[in-house]
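Engineer: Provided below for reference: sequence and predicted model.
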Amino acid sequence: MRFLAFHVEKFRSEITEKGRARFVEPPEPAVTEVSEALVILVSVEKEDEAAPEQVAEAATSEIAGLAAQLGTTTVLLHPFAHLFAELAAPPVAVRVLDLTRDALVKRGLHAERTPFGWFNTLEIKAKGHPLSRVARRIIPRA
């Protein structure tokens, strides 16, 4: 998994049309908005298919740690296949996203995610401090 995290004042996503993947989730909600949050653009990769639970737990630790450093309790996971080409199968990607969201909630964060398989408009008002944009790569342990 690779992700790009933005500490945002405001983020808004509105579904516009189906993406290229054969697998799409119901487009509800069609509009997702958060403020004072950590927005995570997530790309689940082919190698993550070998250990989805492990990847989700490692991602949860990274994201929860970053949220704690930033003093935010809201996290939004946004599927973002554009980060890299070797993508996981869509059902696996959704599973990893759901496992990560659920684990973040268990850690006391308000966590949600946008629907998988859609193109959308994005409005991002990111903060401008040293941790306002962070990239991470999560690799399954051998």
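Structural biologist: Arrived safely, thanks for sending.

Engineer: neighbouring strands for the lengthiest strand in the chain, and are they parallel or not?
Structural biologist: Counting residues, the longest strand in the chain under DSSP state E turns out to be strand 2-18. Paired neighbours of strand 2-18 in the sheet (DSSP bridges): strand 31-43 (antiparallel), strand 118-126 (antiparallel), strand 133-137 (antiparallel).

Engineer: just so I know, which of the ones you listed lies nearest residue 109?
Structural biologist: Nearest to residue 109 among the strands paired with strand 2-18 is strand 31-43; the distance by Cβ to Cβ comes to 8.7 Å. The C-beta positions use only the backbone N, C-alpha and C, and glycine is treated the same way.

Engineer: At the geometric centre of the protein, which residue do we find?
Structural biologist: The residue lying closest to the centre of the chain (Cα atoms, centre = their mean) is residue 77, at 2.7 Å.

Engineer: Let me see the contact set for that residue.
Structural biologist: By Cβ atoms under 8 Å, 6 or more residues apart in numbering, residue 77 lies in contact with 40, 42, 97, 100-101, 111-114.
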